[in-house]
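Participant: No letters, just coordinates:
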């Protein structure tokens, strides 16, 4: 899941940088006409569209988007790495368990089918005493 975020932030970063570089190139290639002195400048009507301000606004927005997506990429990359590492560990554990299950199944399949030997019940009433027990009770 983090991999898709990582891919999204990477593509957003690339596109925002391309847009910002393109807008800066347009700004440098086609500079705005020099502004007349402020005393002769009539008040601009409220609905007038200024292309130069729009280009500057788009350039700043593209740079902000590039830096935000770069920050997202920096955060998403370690999370994706941790996800992959956790998935590898989980997969190796599952493989080890499957191998052990297979080994147990093979051992059970090839085990002898005869019943185990019966043990003799200990003899009731008779105790075996070693030399230490005789010394304690006084018997030599």
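Facilitator: Good, I have the coordinates. A quick note: this is a predicted structure, and the numbers were derived from the prediction, not measured. Numbering: from 1, shown residues only.
Participant: Surely residue 52 touches residue 31?
Facilitator: No. The pair residue 52 / residue 31 is not scored as a contact, 9.1 Å apart, by Cβ atoms under 8 Å. All C-beta atoms are positioned from the backbone trio N, CA, C, and that covers glycine.
Participant: So which of the two has more stuff around it?
Facilitator: Remark: of residue 52 and residue 31, residue 52 carries more neighbours, 13 against 9, as counted by other Cβ atoms under 10 Å.
Participant: Distance check, residue 23 against residue 34.
Facilitator: Computed as Cβ to Cβ, to the nearest Å, the residue 23 to residue 34 distance reads 21 Å.
Participant: More neighbours: these two, which one.
Facilitator: residue 23 (20 against 6).
Participant: pLDDT at that one, what is it?
Facilitator: pLDDT recorded at residue 23 is 87.
Participant: That one against residue 54, yeah?
Facilitator: No. Under the criterion of Cβ under 8 Å, residue 23 makes no contact with residue 54, lying 9.9 Å away.
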